[in-house]
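Q: Curious how this folds, go ahead:
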Amino acid sequence: MAVSIALGALFLLFLLGTPVAFALFFSTFLYFIVGADQPMMLLIQRLAGGLESVSLLAIPFFIMAGVFMNYSGITDRLLKLAELLTRRMHGGLAQANVLLSTFMGGLSGSNIADAAMNAKLLVPSMTAKGYPVPFSSAVTAASSLITSTIPPGIALIVYGYVNNVSIGRLFLAGVVPGVLMAISLMVLVSFLCRRYGYQPPQRAKVARKEWISVTRAGLIALMLPLVVIGGIRVGVFTPTEAGAIAVLYALIVGVFIYKQMTPKTIALATNESLLASVNVLFIIAVASGFARFLTWEQIPQEIAMMLSTQVGSAIAFLLLANVLLLVLGMFLEGNAILIVLSPLLAPVAAQFGVDPVHFGIIFIINATIGTITPPLGTVMFTTCSITGINVSSFIRAVMPFWLVMVGILLLVTFIPALSLMLPTLVF
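A: Here you go, the predicted model:
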């Protein structure tokens with residue numbers, strides 16, 4: 001009875017739009033109040049214990065690195081590089097939008113942060129170039145999904161921590177699917193821009209001096225993902241230490257190379273990073289308490305038993321998992337799905353012989369697709385609130401992009417080499 005009341009309260013709070021952290025906390029607290037045979041002190045201990053992991057330090061470090069990138073001028077230089085590379089394509093600015101998200105995936109690690117940044121930075125420029133606002137918003141939202149998959153996505157770190165999967169392997173496993181997403185979205189953007197006549201290619205030549213200047217400035221920023229992944233592989237530092245290196249790199253570039261960061265901007269960036277980090281880590285803390293009571297009640301084991309008896313093969317399980325996660329993504333926030341459901345489904349996937357790294361990428365792609373899916377997609381609402389369009393217009397514009405992302409999900413699901421090739425080669 002206590003479990004039923006707690007789970008019912010959880011989903012009711014989700015549907016009412018309660019923030020994930022508070023929904024998890026209140027439902028867990030209700031479980032202890034209603035009839036748990038456990039002392040309340042265990043809840044407090046579990047909440048504190050949920051953050052007692054060195055690997056979780058990677059989250060505030062990478063969040064800080066992403067914020068420092070914005071304050072240091074790195075984002076502006078990456079945009080100039082993206083515009084230069086896409087100027088001869090149909091829909092050059094829309095293509096640059098996708099490419100900037102791909103570049104920033106290795107820097108910010110958060111799809112909501114990426115969508116908010118591009119909505120403010122690029123949508124007004126796209127509108128001035130003649131793009132309809134719904135189309136610009138759809139491109140911005142869909143391309144932000146790349147950020148969760150390209151390392152060092154925060155979702156990769158959280159999934160690795162929650163399910164005890166190598167974060168270094170997850171980082172590498174996300175590279176090929178992330179690049180595949182970028183290429184697919186750029187092909188779709190080219191097709192749509194040709195069809196509707198948005199921003200034809202620019203034929204004017206760019207001076208060699210400008211090419212060298214813009215490329216050099218952009219490559220300095222793009223060195224960061226290589227430093228992070230290379231350092232982890234060689235063993236110079238762990239994923240957590242890589243986050244600290246990323247902050248140091250962003251600080252050095254912003255202060256000494258681009259010379260745009262002052263003590264005042266460093267203080268502002270640090271404050272912004274602190275608030276963003278507290279939000280994520282609070283979710284993890286309360287999710288730890290929630291997961292503990294699920295374990296006490298043997299719910300993961302029961303779900304694993306039920307699925308393993310009802311589903312006869314790994315392919316059938318993966319199809320069922322994809323459908324389940326896509327449907328839940330229509331109603332639940334991405335972090336909620338990741339933290340609550342991944343510990344339930346990952347053991348079942350292991351029983352069917354699915355590689356834990358492969359299943360992690362499948363799960364994360366599912367969770368990110370949910371963020372642009374009505375009625376409660378967080379990236380959808382973030383983008384619409386900034387660009388000022390209504391949700392119905394956004395849904396019509398984003399449908400082709402949603403279908404492409406689902407196609408990528410199916411490819412990654414049934415071709416494991418797409419996610420396992422790099423981890424196998426490197427490790």
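
Q: For the rest of this, base every contact and every neighbour count on C-alpha atoms.
A: Fine.

Q: ok, the spatially closest residue to residue 395 that is not a sequence neighbour - how many residues close by?
A: Leaving aside its sequence neighbours, residue 395 sits nearest to residue 374 (C-alpha to C-alpha, 6 or more residues apart in numbering; 7.5 Å). Each residue near residue 374 was counted by other C-alpha atoms under 10 Å, and the total is 17.

Q: Look up how far residue 328 lies from residue 374.
A: 11 Å (C-alpha to C-alpha, to the nearest Å).

Q: again with residue 169
A: Distance from residue 169 to residue 328, by C-alpha to C-alpha: 27 Å.

Q: Who has more neighbours out of those two?
A: Between residue 169 and residue 328, residue 169 has the larger neighbour count (other C-alpha under 10 Å), namely 23 against 17.

Q: low-confidence ranges in the stretch 101-250 of the chain?
A: Applying pLDDT under 70 to the stretch 101-250 of the chain flags residues 105-110, 113, 225, 229, 233.

Q: you'd agree residue 261 is up against residue 254?
A: Yes - Residue 261 lies in contact with residue 254 (C-alpha atoms under 8 Å); the separation is 5.2 Å.

Q: any common contacting residues for those two?
A: 71, 72 (C-alpha atoms under 8 Å, 6 or more residues apart in numbering).

Q: Residue nearest the middle of this protein, spatially speaking?
A: Central residue of the chain (C-alpha atoms, centre = their mean): residue 148, 2.3 Å from the mean position.

Q: what does the host helix or strand of it contact?
A: Residue 148 is part of helix 146-149, with elements assigned from DSSP states H and E. Helix 146-149 has contacts (C-alpha under 8 Å, 6+ apart) with 101-102, 104-106, 108-111, 114, 153-156, 174-175, 177-179, 181-182, 361, 364-365, 368.

Q: can you tell me which of these are in helices?
A: Judged by DSSP state H, the contacts of helix 146-149 include 101-102, 104-105, 111, 114, 154-156, 175, 177-179, 181-182, 361, 364-365, 368 as members of helices.

Q: residues contacting residue 182?
A: 98, 99, 102, 143, 146.

Q: With neighbour count and distance to residue 34 added, can I get those in a markdown table?
A: Output for the contacts of residue 182, formatted as a markdown table (neighbours: other C-alpha atoms under 10 Å; distance: C-alpha to C-alpha, whole Å):
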| residue | neighbour count | distance to residue 34 |
| --- | --- | --- |
| 98 | 27 | 49 |
| 99 | 26 | 51 |
| 102 | 26 | 47 |
| 143 | 29 | 44 |
| 146 | 35 | 42 |
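
Q: how about these, which pair is most distant?
A: 99 and 146 (9.7 Å; C-alpha to C-alpha).

Q: one step back: against residue 6, how distant is the residue nearest to the centre of the chain?
A: 30 Å.

Q: So which residues of the stretch 101-250 of the chain form helices?
A: 111-121, 123-128, 133-144, 146-149, 154-163, 167-173, 175-196, 208-234, 239-252 (DSSP state H, counting those that start in this stretch).

Q: Tell me what angle the third one forms with helix 175-196.
A: What that stands for is helix 133-144. Here the directions of helix 133-144 and helix 175-196 differ by 160 degrees (axes from the mean of the first three to the mean of the last three C-alpha atoms, to 10 degrees).

Q: Equivalent analysis for the last one, please.
A: Between the axes of helix 239-252 and helix 175-196, defined by the same axes, to 10 degrees, the angle is 50 degrees.

Q: What residues sit buried inside helix 239-252?
A: 239-251 (16 or more other C-alpha atoms under 10 Å).

Q: could you give the angle of it to helix 208-234?
A: Using the same axes, to 10 degrees: helix 239-252 against helix 208-234 is 160 degrees.

Q: Using PDB, write out every CA atom in helix 239-252.
A: Extracted in PDB, the C-alpha atoms of helix 239-252 (Å, rounded to 0.1, in the frame of the first residue of the first chain):
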ATOM      1  CA  PRO A 239      36.500  11.700 -16.000                       C
ATOM      2  CA  THR A 240      36.100  13.700 -12.800                       C
ATOM      3  CA  GLU A 241      39.600  15.200 -13.100                       C
ATOM      4  CA  ALA A 242      38.800  15.900 -16.800                       C
ATOM      5  CA  GLY A 243      36.000  18.200 -15.700                       C
ATOM      6  CA  ALA A 244      38.500  20.200 -13.600                       C
ATOM      7  CA  ILE A 245      40.900  20.400 -16.600                       C
ATOM      8  CA  ALA A 246      38.000  21.600 -18.800                       C
ATOM      9  CA  VAL A 247      37.300  24.500 -16.300                       C
ATOM     10  CA  LEU A 248      41.000  25.400 -16.200                       C
ATOM     11  CA  TYR A 249      41.200  25.300 -20.000                       C
ATOM     12  CA  ALA A 250      38.200  27.500 -20.400                       C
ATOM     13  CA  LEU A 251      39.500  30.000 -17.900                       C
ATOM     14  CA  ILE A 252      42.900  30.200 -19.600                       C
END
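
Q: other SSEs contacting that helix?
A: helix 58-72, helix 208-234 (3 or more C-alpha pairs under 8 Å, 6 or more residues apart in numbering; DSSP states H and E).

Q: Just want the angle from the last one to helix 58-72.
A: Inter-element angle recorded for helix 208-234 and helix 58-72: 170 degrees (by the same axes, to 10 degrees).
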